[in-house]
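**Student:** generate coordinates for the sequence data below:
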Amino acid sequence: MQLLGKRFLYAIACLLLAMVTIQSGASIAKQLFPHVGPEGTTAYRLGFSALILCLIFKPWRKLPTNWRPVILYGLSLGVMNLTFYFAIARIPLGIGVALEFTGPLAVALFASKRKRDYLWVLLAIVGIFLLLPDMNEVDGLDPVGVILALTAGACWAGYIVFGKKTGSQGSGGMAVALGMSVAAITIVPYGVISQGSALLDWSLIPLGIAIALLSSALPYTLEMIALKNMPAQGFSIMMSLEPAIAALAGLLILGELLTFWQWAAILLVITASVGSSITTKEA
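**Tutor:** Numbering: from 1, shown residues only. Model (predicted):
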């Protein structure tokens with residue numbers, strides 16, 4: 001029992017660190033859009049991430065026996081990244097993350113087995129809606145950006161489901177390396193065709209590597225470790241912290257000020273996260 005408790009706390013620490021790095025990377029990535037567009041930025045992120053992860057974990061040493069979840073995991077990962085970057089090119093980062101979070105919330109809701117779990121999901125949902133701006137601003141949101149963010153959310157749900165199956169076949173690092181390679185093979189050619197020689201600008205490549213480390217290589221490895229040490233439902237509800245962390249990253253990196261209601265939302269999602277951690281640990 002004590003060992004399970006330590007494993008669960010370790011998973012929480014990995015997940016929190018993953019969320020901090022991924023939102024910091026997203027804030028930096030948004031600053032690259034004027035130079036190489038969302039598709040070029042995605043190519044940087046996935047391409048360098050796949051290279052780094054493969055060099056570290058050498059996944060070819062122990063290939064999976066079942067490739068289907070690996071391929072689906074990689075496709076979900078690649079499309080999620082691409083559609084999310086296209087979304088935040090049209091709408092603010094905090095709103096994009098809030099809309100994208102509908103995917104993990106759906107996983108948590110469908111996996112729920114206890115009535116009290118719905119309370120934490122409800123608190124997270126309320127917090128996400130509070131992170132949205134007032135009605136006048138919502139009316140002005142780009143509808144294409146909203147649809148793209150929701151599409152990214154659907155892919156995020158697939159990432160959680162298939163990531164859990166992929167991680168069960170071997171080490172978390174190798175699983176992420178394989179999934180990232182599938183994502184890179186799928187998405188990088190599109191970015192290269194779209195942006196061409198602009199991706200070879202030596203002043204941008206270090207930023208591309210930094211985004212790969214912060215937004216993919218490190219957080220996805222940490223998330224895979226977390227997935228192996230906690231239930232998918234607990235993972236999904238814990239991710240309710242993501243919109244709050246995105247809002248904080250926007251404040252610190254992009255200078256986006258938080259309103260009273262956004263601070264209230266942060267409190268709600270933190271409450272939901274703590275509550276889900278307690279109930280999951282009791283299970």
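**Student:** quick one: least confident helix or strand in this structure?
**Tutor:** Between all helices and strands in the chain, the lowest mean by mean pLDDT, DSSP states H and E belongs to helix 135-139, at a mean of 49.
**Student:** name the surrounding residues that touch whatever helix or strand comes next after that helix.
**Tutor:** Stepping forward along the backbone from helix 135-139, the first helix or strand reached (DSSP states H and E) is helix 143-167. When contacts are taken as Cβ atoms under 8 Å, 6 or more residues apart in numbering, the neighbours of helix 143-167 outside the stretch itself are 64, 69-70, 72-73, 75-77, 79-80, 83-84, 86-91, 95-96, 99-104, 106-107, 175, 178-179, 223-224, 227-228, 232, 235-236. For glycine as for every other residue, the C-beta is placed from the backbone atoms N, C-alpha and C.
**Student:** excluding covalently adjacent residues, which one is nearest to Leu72?
**Tutor:** Nearest non-adjacent residue to Leu72, counting by Cβ to Cβ, 6 or more residues apart in numbering: Phe162, 4.5 Å away.
**Student:** any regions of the stretch 51-200 of the chain where pLDDT drops low?
**Tutor:** Low-confidence segments of the stretch 51-200 of the chain, defined by pLDDT under 70: 109, 111-114, 131-141, 167-172.
**Student:** all helices for it, in order.
**Tutor:** Under the criterion DSSP state H, counting those that start in this stretch, the stretch 51-200 of the chain contains helices at 68-88, 93-100, 102-111, 115-131, 135-139, 143-167, 172-195.
**Student:** got a list of what Tyr10 touches?
**Tutor:** Residues near Tyr10 by Cβ under 8 Å, 6+ apart: 225, 229.
**Student:** pLDDT averaged over the helix or strand hosting it - what is it?
**Tutor:** Element membership for Tyr10, per DSSP H and E: helix 2-30. For helix 2-30, mean pLDDT rounds to 80.
**Student:** tell me how far it lies from the chain's centre.
**Tutor:** Its chain's C-alpha centre and that of helix 2-30 lie 11 Å apart, by Cα atoms, centre = their mean, to the nearest Å.
**Student:** so that helix versus helix 172-195, what angle?
**Tutor:** Using axes from the mean of the first three to the mean of the last three Cα atoms, to 10 degrees, the interaxial angle of helix 2-30 with respect to helix 172-195 works out to 10 degrees.
**Student:** in helix 2-30, which residues are buried?
**Tutor:** Burial within helix 2-30, assessed by neighbour count using 16 or more other Cβ atoms under 10 Å, is assigned to 8, 11-12, 14-16, 18-30.
**Student:** cool, stretch 146-161 as well?
**Tutor:** Counting neighbours by 16+ other Cβ under 10 Å, stretch 146-161 gives 146, 148-161 as buried.
**Student:** from the helices of the stretch 51-200 of the chain, which stretch is densest packed?
**Tutor:** Using mean count of other Cβ atoms under 10 Å, the stretch among those with the greatest mean number of neighbours is helix 93-100 (a mean of 26).
**Student:** which elements pack onto that helix?
**Tutor:** Where contact means 3 or more Cβ pairs under 8 Å, 6 or more residues apart in numbering; DSSP states H and E, helix 93-100 is packed against helix 2-30, helix 68-88, helix 115-131, helix 143-167, helix 241-254.
**Student:** out of those, which comes closest to Gly196?
**Tutor:** For the helices and strands packed on helix 93-100, the distance to Gly196 is smallest for helix 68-88, at 17.3 Å, taking Cβ to Cβ.
**Student:** next one: that closest one to chain centre, how far?
**Tutor:** Taking Cα atoms, centre = their mean, one finds helix 68-88 lying 10 Å from the centre of the chain it belongs to.
**Student:** ok, now stretch 213-223?
**Tutor:** Using Cα atoms, centre = their mean, the mean C-alpha position of stretch 213-223 is found 9 Å from that of the whole chain.
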